[in-house]
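>>> have a look at this fold, sequence not included:
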């Protein structure tokens, strides 16, 4: 490198680079600590700053945007870079989870982080901190029953840390209704709150006729819900054998798909984040973008997970009996709980032609 080039680089570095955290990142982290305190995250989790930007964006005119997302995909990265107003990205799932020995462009997630940092955009993750916080992901799911019904909701695993404003916080939620609901009403409320066209249901043959207690865990609920006494488990996903065990114990299961249980929370959370950041900044400096609601229906129309729908047509549900095995297909009333797979022939009459499923459905022991 020539002396002239070296001098120019040195001048650029000293005038542009700073080891002091940018105001945008400070305001974002302060807002996060108010809304989803990072100390509430699981000890195994990775939350907080994923990557900083040594040269924060200087060209932003007007309000600075914080892009919220569930996952830092390449598409999210492109969206962030396409807008000259993007000042930071807040992601739910951590783009860095386990220890790294290098950061390279060959790995898509790492490439996204490097590209964003290079363009002056830091990335922050909140994951299980937002699951446990008051007003967080699990509370949003629970609002399907607590918003307009007489009910109580408490954490399944109360956090050791109880920050101010988050008293009673913790993983999962156990909702107890004053008056039990039929399964159709429960499904209807879940689909409405999470903006879903479809959900997966496994009704326990010996389960409660009406549902009064609902154990909730966003994302993957196997560990949090294990052993909880409730009429219904509601989660994004549950292990295949755990679902069978729940049904054997008389516990109904409703699954929404993993991120579909998390994503809808971003819509009410985003304006709260902008408000908190503006309060930290002392002015109207920030806005949020990306509630994610446009993704949910498309995501849940993907044909997957059909071997998780097991049970018999008690409680008024329609199904088809193969000897002593039954594949449930319809809600008790007039809409599908889940979409028919593409290989399923068009139904005829109330039962439909489901004979082709006989060789496909897993045999569940009676």
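In hand now; what should we look at? It should be emphasised that the depicted structure is a prediction, and the values quoted were computed from it without experimental measurement.
>>> ranges for the helices of the stretch 1-150 of the chain?
3-16, 23-35, 74-82, 108-118, 127-132, 137-146 (DSSP state H, counting those that start in this stretch).
>>> can I get those helices in CSV with distance to residue 279?
For the C-beta atoms, the positions are set from N, CA and C on the backbone; glycine is no exception. Below are the helices of the stretch 1-150 of the chain laid out as CSV (distance: least, CB to CB, whole Å):
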stretch, distance to residue 279
helix 3-16, 29
helix 23-35, 8
helix 74-82, 24
helix 108-118, 25
helix 127-132, 19
helix 137-146, 21
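>>> deepest of those helices, which one?
helix 127-132 (a mean of 26; mean count of other CB atoms under 10 Å).
>>> which residues does residue 91 bridge with?
Beta-bridge pairing of residue 91, defined through DSSP bridges, involves residue 69, residue 125.
>>> for the stretch 201-350 of the chain, which segments are assigned as strands?
Secondary structure of the stretch 201-350 of the chain, counting by DSSP state E, counting those that start in this stretch: strands at 211-220, 232-237, 252-255, 286-289, 319-322, 325-328.
>>> circling back to that earlier point, quick one: which of the helices of the stretch 1-150 of the chain is nearest residue 180?
Closest approach to residue 180 among these (CB to CB): helix 137-146, 11.1 Å.
>>> so which other helices or strands are in contact with the helix or strand following the closest one?
As assigned by DSSP states H and E, the chain's next helix or strand after helix 137-146 is strand 151-154. For strand 151-154, the packing partners by 3 or more CB pairs under 8 Å, 6 or more residues apart in numbering; DSSP states H and E come out as helix 137-146, strand 173-181.
>>> let's see that with 10 Å instead.
The contact analysis (3 or more CB pairs under 10 Å, 6 or more residues apart in numbering; DSSP states H and E) places strand 151-154 against helix 137-146, strand 173-181, strand 211-220.
>>> pull up the pairing partners for the helix or strand that it is followed by, direction included.
Following strand 151-154 in sequence order, the next helix or strand is strand 157-158 (DSSP H and E). Strand pairing for strand 157-158, determined by DSSP bridges: strand 170-171 (antiparallel).
>>> as JSON lines, the helices and strands packed on strand 151-154 with mean pLDDT would be great.
Below are the helices and strands packed on strand 151-154 laid out as JSON lines (pLDDT from 0 to 100):
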{"stretch": "helix 137-146", "mean pLDDT": "97"}
{"stretch": "strand 173-181", "mean pLDDT": "98"}
{"stretch": "strand 211-220", "mean pLDDT": "97"}
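>>> now for the strands of the stretch 201-350 of the chain, which one comes closest to residue 46?
The nearest among the strands of the stretch 201-350 of the chain, by CB to CB, is strand 211-220 at 14.9 Å.
>>> between strand 232-237 and that closest one, find me the angle.
If you take axes from the mean of the first three to the mean of the last three CA atoms, to 10 degrees, strand 211-220 sits at 10 degrees to strand 232-237.
>>> partner strands of strand 211-220, parallel or antiparallel?
Applying DSSP bridges, strand 211-220 is found paired with strand 173-181 (antiparallel), strand 232-237 (parallel).
>>> buried sites along that strand?
211-219 (16 or more other CB atoms under 10 Å).
>>> just say which of the strands paired with strand 211-220 is most tucked in.
strand 232-237 (a mean of 26).
>>> so which of the helices and strands packed on strand 151-154 is nearest residue 108?
Per CB to CB, nearest to residue 108 of these: strand 211-220, 21.3 Å.
>>> break the chain down into its structural domains.
For the chain, automatic domain parsing gives the domain ranges 8-40+48-125+265-297, 132-261+303-357.
>>> and those, which one averages the lowest pLDDT?
Here the lowest mean pLDDT among the domains of the chain goes to domain 132-261+303-357, at a mean of 77.
>>> how far is that domain from where the chain is centred?
15 Å (CA atoms, centre = their mean, to the nearest Å).
>>> then stretch 59-73?
Distance, centroid of stretch 59-73 to centroid of chain: 19 Å (CA atoms, centre = their mean).
>>> same question for stretch 271-288.
23 Å.
>>> buried ones in it?
Buried-residue list, stretch 271-288, by 16+ other CB under 10 Å: 273-274, 276-278, 280-281, 285-288.
>>> return the subset of the residues you listed lying in helices.
Within the buried residues of stretch 271-288, residues falling in helices by DSSP state H are 273-274, 276-278, 280-281.
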